[in-house]
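Peer 1: Can you look at this prediction? I've put the sequence above it.
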Amino acid sequence: MTQTMTAPAPVPTFETESGGRKLCIICSKGSLDMAYPGLILANAALGEGIETHIFFTFWGFDIITKKTMADLKFTAVGNPATHMPNMVMGLPGMTALATHMMKKQMDGIDVPAVPEFLELITDAGGHLWACRLSADMMHLGAADLYDRVEGIISATDFIELSAGAQIIFV
Amino acid sequence: MTVAAVAGREVHVDEEGFLTQYDEWDEELAKTLAANIGIELTEAHMKAVRFLRADFKQTGETPTLRRCTNVGGFPTKDLFQLFPAKPAKKMAYVAGLPKPVGCV
C-alpha cells in the first residue's frame, strides 16, 4: 500500500536585517505634494526592516518646522500634471482650494497628515535629521523643529551618516 | 496555490508559504507558523493576530500597519517589537492571511 506524503509548506524567508540595507532620503521641497513621496518611501522601507534616515534641507524644512508642518500647501500653478490653466489656479484662494482637495484625497486613501506621518515613521524606528545650513539660513533652532528630529547636522555629517546607503533625493 | 503540510495538517498555501484559505487557519496552526519564522507566540502576539483576522473578515483585505495602529489600537512600536523588522508581513503570515497590499 502506498501513501502519498504532502510536502511541507514553504516558509517565507523574511530576511530580517535586509542584508544591512540602508536608505537615506533627502527631502528638499516643502509643498504638500512633494512632502509625501519621501515620507511614503521611508515608511515602506521601515516596514521592510531597512535602516532609514530622512535629511530635511532647504524648503523641506517646512515639513519638520513646528509652525508649518501641519499646514503645507499644494499649488496647481506651474504644474501641468494637474491639467488646470495656470491663470485660473493663480487666482486668490485657489491654493487653499487645491490644498484642501489634495488633503481630502490623501485622507480618502488613508494616507496620514504630515505630523502624524512623522510620528509613524519615528515609531517605526526611522531617523529624522535637519540641515544645519538651512537652519542657519532660516534662523531656526532645535526648539522650532518637530521634537523627534534627532539633530541639526552639517552636509559633511550627512555624507558620513549616509556611507554605504542608497540615497533618494526628493 | 498548492496543498502542503503545516504541523501535520494539509492546507493551501501560495508559493511563499502564506495560507490562502481563510478557514484552514486556527490558533494551533498559528503557533507553528510563528515558530517557523522564529517567533514564540504570546498572548500579545495573538491579540494582534486576532485583530488581523477579524479586520480581514470585515474588509476582505489584510490591514496595513497603520490600520493596526489606528483601528486596532496597537502602537506601531509594539508591533515592531513583537514581529521584528517586517511586522506587517510577519503578522499576515502568522494570521494565515495574504500580505497587505496597501502602501501606508
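Peer 2: Alright, I've got the coordinates.
Peer 1: give me the number of residues near the residue of chain A found nearest chain B?
Peer 2: Using C-beta to the nearest C-beta, residue A:49 is the residue of chain A that sits closest to chain B, at 3.0 Å. C-beta: built from backbone N, CA, C; applies to glycine. Residues contacting residue A:49 under the criterion other C-beta atoms under 10 Å in any protein chain shown number 23.
Peer 1: Just the buried residues of the helix or strand of chain A with the lowest mean pLDDT, please?
Peer 2: Scoring the helices and strands of chain A by mean pLDDT, DSSP states H and E places helix A:86-89 at the bottom, with a mean of 86. By neighbour count with 16 or more other C-beta atoms under 10 Å in any protein chain shown, helix A:86-89 contains the buried residues residue A:89.
Peer 1: Tell me where the chain is predicted with low confidence.
Peer 2: Went with chain A since none was named. Within chain A, the segments meeting pLDDT under 70 span A:1-4, A:16-18.
Peer 1: um, chain B though
Peer 2: B:1.
Peer 1: which bits of it sit near chain A?
Peer 2: Neighbours of chain A within chain B, by C-beta under 8 Å from any C-beta of the partner chain: B:3-6, B:10-11, B:13, B:15-18, B:36-37, B:64-67, B:69, B:75-77, B:80, B:84-90, B:93, B:102-104.
Peer 1: isn't there a helix covering residue A:139?
Peer 2: No: read with DSSP: H, G, I helix; E, B strand; the rest coil, residue A:139 is coil and lies in no helix.
Peer 1: Dihedrals phi and psi, it?
Peer 2: Main-chain torsions, residue A:139, degrees, to the nearest 10: phi 50, psi 50.
Peer 1: Please apply the same query to the one 10 residues further on.
Peer 2: Comment: the main-chain dihedrals of residue A:149 come out as phi -70, psi 130, following degrees, to the nearest 10.
Peer 1: Beta-bridge partners for it, please?
Peer 2: For residue A:149, the beta-bridge partners are residue A:128 (DSSP bridges).
Peer 1: Am I right that it is in contact with residue A:128?
Peer 2: Yes: counting by C-beta atoms under 8 Å, residue A:149 does reach residue A:128; the two are 4.7 Å apart.
Peer 1: if I look at these two, which residues touch both of them?
Peer 2: A:56, A:64 (C-beta atoms under 8 Å, 6 or more residues apart in numbering or on different chains).
Peer 1: just the strands in chain A please.
Peer 2: Using DSSP state E, the strands found in chain A span residues A:22-27, A:51-56, A:127-131, A:149-153, A:166-169.
Peer 1: what about the closest residue to residue B:75 other than its chain neighbours, which helix or strand?
Peer 2: Once flanking residues are discounted, residue B:75 sits nearest to residue B:69: 6.4 Å by C-beta to C-beta, 6 or more residues apart in numbering or on different chains. Using DSSP states H and E, residue B:69 falls within helix B:65-70.
Peer 1: Tell me the helix or strand right after that helix.
Peer 2: As the chain continues past helix B:65-70, the following element, by DSSP H and E, is helix B:76-82.
Peer 1: so what does the following helix or strand past that following helix touch, helix or strand wise?
Peer 2: Proceeding N to C from helix B:76-82, the next assigned helix or strand is helix B:87-94, under DSSP H and E. Judged by 3 or more C-beta pairs under 8 Å, 6 or more residues apart in numbering or on different chains; DSSP states H and E, helix B:87-94 is in contact with helix B:27-36, helix B:43-59, helix B:65-70, helix B:76-82.
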